[in-house]
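Engineer: after the sequence you'll find the predicted model.
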Amino acid sequence: MTAGLRQVVDDAELRRIYDGLLVPSFPASELVGLSWLLDGVARGRAHVVSAVADGRPVGAAVTEELVPGARLLSYLAVAPDQRGTGVGSRLLDSVLEEARGDGTRLLLAEVERPDRHAGSAQHGDPAARVRFYARRGARVLDLPYVQAPIRAGAEPVPGMLLLVLHAEPGVLREGGAAVDGPLVAAAVEELVGTELDDPWLTDLRRAARRRVVAAPPASDWRTVAASVERW
């Protein structure tokens, strides 16, 4: 049966998506708490699109507004028995269509560097994930990207990539090979926050404040800066 897509705002359904799709698909160091999801949707800051088949959610995409004009695809998850069926592609198509129609100038996504994170049957293969986005035309920002701590007391997650899934022509530079630096810097500041002075995050902020930020095709992720192993 082909899964149907729908926007989700109901708390009970959001809980099903969180417990049944997000928790199994992402390590705890990369997954926000349920309260963040419920509050974000209630406030209109987060949007959730679910793929439903036989009455159960089999995939979900979660996006959030970072700053005016910039959004993040926070999570894209597909149930193990639905992987390879096109559910993930349909969810991404829905997210991209929404971004093109709602004034989003820059749509980003955080993914693990394949050379810094091992894949697993539960959480998927980072290399396959990058290939999935690369086939859809994604680019990767030349930043030593580190995911900021997801909750109080957590540690940053180094060895990440920040992908560009969609960019309006007005924010592209150098013939599409780079992105407007101020918008990238504003998005990164929102992702990282200002209360932490961890050296990884300081290095990331500095790199994001360039006039333009190079954005090669996602398939060339090996060419972009990587966060150092330790300080």
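Structural biologist: Received, thanks.
Engineer: three-state assignment of Leu191?
Structural biologist: helix (DSSP: H, G, I helix; E, B strand; the rest coil).
Engineer: right, and it touches Val146 too?
Structural biologist: No: here Leu191 lies out of contact with Val146, judged by CB atoms under 8 Å, at a distance of 9.6 Å. In short, each C-beta sits where N, CA and C put it, glycine included.
Engineer: the two: which has the busier surroundings?
Structural biologist: The residue with the greater number of neighbours, taking Leu191 and Val146 and applying other CB atoms under 10 Å, is Val146; the counts read 25 against 22.
Engineer: list the buried residues in the lowest-mean-pLDDT helix or strand in the chain.
Structural biologist: Across the helices and strands of the chain, mean pLDDT, DSSP states H and E gives its lowest value to helix 199-208, namely a mean of 90. Burial within helix 199-208, assessed by neighbour count using 16 or more other CB atoms under 10 Å, is assigned to 200-201, 203-205, 207-208.
Engineer: what is it packed up against?
Structural biologist: Other helices and strands packing on helix 199-208, by 3 or more CB pairs under 8 Å, 6 or more residues apart in numbering; DSSP states H and E, are helix 181-192.
Engineer: and the helix it packs on, what does it pack onto?
Structural biologist: Looks like helix 181-192 contacts strand 56-67, strand 70-78, strand 106-112, helix 199-208, strand 212-214 (3+ CB pairs under 8 Å, 6+ apart).
Engineer: just checking: what are the partner strands of the last one?
Structural biologist: Okay, so that is strand 212-214. Sheet pairing of strand 212-214 (DSSP bridges) gives strand 178-180 (antiparallel).
Engineer: related to what we said a few turns ago, the least confident helix or strand of the chain to helix 181-192, inter-axis angle?
Structural biologist: Direction vectors for helix 199-208 and helix 181-192, defined by axes from the mean of the first three to the mean of the last three CA atoms, to 10 degrees, enclose an angle of 160 degrees.
Engineer: for the protein, which segments count as helices?
Structural biologist: Secondary structure of the chain (DSSP state H): helices at 11-17, 23-25, 34-43, 87-101, 126-135, 181-192, 199-208.
Engineer: so what's the spatially most central residue of the chain up against?
Structural biologist: Nearest to the mean C-alpha position of the chain, counting by CA atoms, centre = their mean, stands Ala109 at 2.6 Å. Contacts for Ala109 (CB atoms under 8 Å, 6 or more residues apart in numbering) come out as 72-73, 76, 133, 138, 162-163, 165.
Engineer: and which of those is nearest to Asp220?
Structural biologist: The nearest member of these to Asp220, counting by CB to CB, is Ala138 at 11.0 Å.
Engineer: how about the closest one, nearest residue that isn't a chain neighbour?
Structural biologist: Nearest in space to Ala138, with sequence neighbours left out and distances taken as CB to CB, 6 or more residues apart in numbering, is Ala218 at 4.2 Å.
Engineer: with Pro217 instead?
Structural biologist: In space, Pro217 is closest to Arg139, 5.8 Å off (CB to CB, 6+ apart).
Engineer: what number of residues lie near the one you found?
Structural biologist: The tally of other residues near Arg139 (other CB under 10 Å) stands at 27.
Engineer: for it, list each beta-bridge partner.
Structural biologist: When bridges are assigned using DSSP bridges, the partners listed for Arg139 are Val164, Pro217.
Engineer: was I right about it contacting Leu162?
Structural biologist: No: using CB under 8 Å, Arg139 is not in contact with Leu162, being 10.0 Å away.
Engineer: got the domain boundaries for this structure?
Structural biologist: Per the record's domain assignment (automatic domain parsing), the chain is made up of the domains 1-104, 106-231.
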